[in-house]
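> Fold the following.
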Amino acid sequence: MTDARATIVEALEAAELEYTEHTPGTFEITLPGERKLQTVCRLEVGGHALGIHAFVCRKPDENHQVVYRWLLERNLKMYAVAFAVDAAGDIYLDGRLPLSAITVDELDRIEAGIDAWAQRELAENPLVLAVDRSEPGLRRWYVRLSGEDKDFTTVWLTIHQRTLQYETYVLPAPEENHAAVYEQLLRRNLRFNGVAFAIGDEDAIFLKGQIPVQQVTPDELDRIVGSLYAYAEQCFRPALRIGFASRFAG
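Predicted structure coming up:
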């Protein structure tokens, strides 16, 4: 943590930003703005990642569907952070940023570890129906699981230079009550650990997240896939009943 903390202090002082270090490695920073007069951001240095938390704005007074949709669309494209809404409806940015890159040899070792983990899951986990690799040259896997509320959940795992990114499709674009669906998803984002809802292709709803590649272990892969599976199962039916309410009438 010492090197990362020193780098952050150096960068903050070079930028002449106002900050307070409440505990070693935990910073509260006041960022000057243009449309906002200022933004208060909290940085927390961990073992492998930098935690980021920033208040964006209070609960919107109107046009909730437009606002929430915009936030969820941005979530799919953003790196390391995602928009979320708290119980009061206020909007935040939360996320984690890897502290360092990694060598090609280490990426190869992690790739082999994921291959071994995937084959073990296929052999031993009754929920896992299939595991496969993407086209050659890509460090990408999919894990297909049988569900209860959802018939199937497919989790995609992709290794990049600094991160393991993961995602799963949850449900198609809502037909109605869009603002209510989007608000529910954004509220859940603030409670999730390492994943966030986002709007993707054809306005479908996805869960996505990432961790530093240094954190990839069999136990962490179990947590990631288990969390995506559990969150999709928990959220699928409630979101479906709101977004497709007319189909459930009567």
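
> Ile242 and Leu221: what is the separation?
32 Å (Cβ to Cβ, to the nearest Å). The C-beta positions use only the backbone N, C-alpha and C, and glycine is treated the same way.

> what about the two, which has more around it?
Leu221 (23 against 19; other Cβ atoms under 10 Å).

> the helices in the chain, which residues?
2-14, 64-77, 104-124, 178-191, 218-243, 245-248 (DSSP state H).

> Domain boundaries for the protein, per the record?
2-98, 104-245 (automatic domain parsing).

> could those domains be laid out in CSV, adding mean pLDDT?
As requested, these are exported to CSV (pLDDT from 0 to 100):
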stretch, mean pLDDT
domain 2-98, 84
domain 104-245, 91
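
> what's the closest of the helices of the chain to Asp151?
helix 218-243 (10.2 Å; Cβ to Cβ).

> Mind giving me the packing neighbours of that closest one?
Packing partners of helix 218-243 (3 or more Cβ pairs under 8 Å, 6 or more residues apart in numbering; DSSP states H and E): helix 104-124, strand 140-146, strand 152-159, strand 163-171, helix 178-191, strand 195-199, strand 205-212.

> Please name the residues that touch His64.
With contact set as Cβ atoms under 8 Å, 6 or more residues apart in numbering, His64 has these partners: Ala179, Tyr182, Glu183.

> which one of those is nearest Val155?
Tyr182 (22.9 Å).

> Skip the chain neighbours and tell me the closest residue to that closest one.
Of all residues not flanking Tyr182 in the chain, Tyr68 sits nearest, at 3.3 Å (Cβ to Cβ, 6 or more residues apart in numbering).

> Please apply the same query to Glu202.
Ala173 (6.3 Å).

> And the one you found, how close does it get to His53?
30 Å.

> Pro24 now?
According to Cβ to Cβ, Pro24 and His53 sit 17 Å apart.

> can you check Val216 too?
Taken as Cβ to Cβ, the span from Val216 to His53 is 24 Å.

> More neighbours: those two, which one.
Neighbours were counted for Val216 and for His53 using other Cβ under 10 Å; Val216 has more, 22 against 16.

> can the contacts of His64 go into JSON lines with extra columns for distance to Val104?
Formatted as JSON lines, the contacts of His64 follow (distance: Cβ to Cβ, whole Å):
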{"residue": "Ala179", "distance to Val104": "46"}
{"residue": "Tyr182", "distance to Val104": "40"}
{"residue": "Glu183", "distance to Val104": "43"}
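
> Ranking by neighbours, what's the top pick from those?
Tyr182 (28 neighbours).

> Report the contact partners of that residue.
Tyr182 is in contact with His64, Gln65, Tyr68, Arg69, Leu71, Leu72, counting by Cβ under 8 Å, 6+ apart.

> doesn't Ala179 make contact with the third one?
Yes - counting by Cβ atoms under 8 Å, Tyr68 sits close enough to Ala179 to count as a contact (6.1 Å).

> Touching, Leu127 and Tyr229? I think so.
Yes - if you go by Cβ under 8 Å, Leu127 and Tyr229 touch, sitting 7.4 Å apart.

> looking at the domains of the chain, which is buried most?
Of those, the one with the most neighbours on average (mean count of other Cβ atoms under 10 Å) is domain 104-245, at a mean of 17.

> start to end distance for that one?
End-to-end distance for domain 104-245, by Cα to Cα, to the nearest Å: 49 Å.
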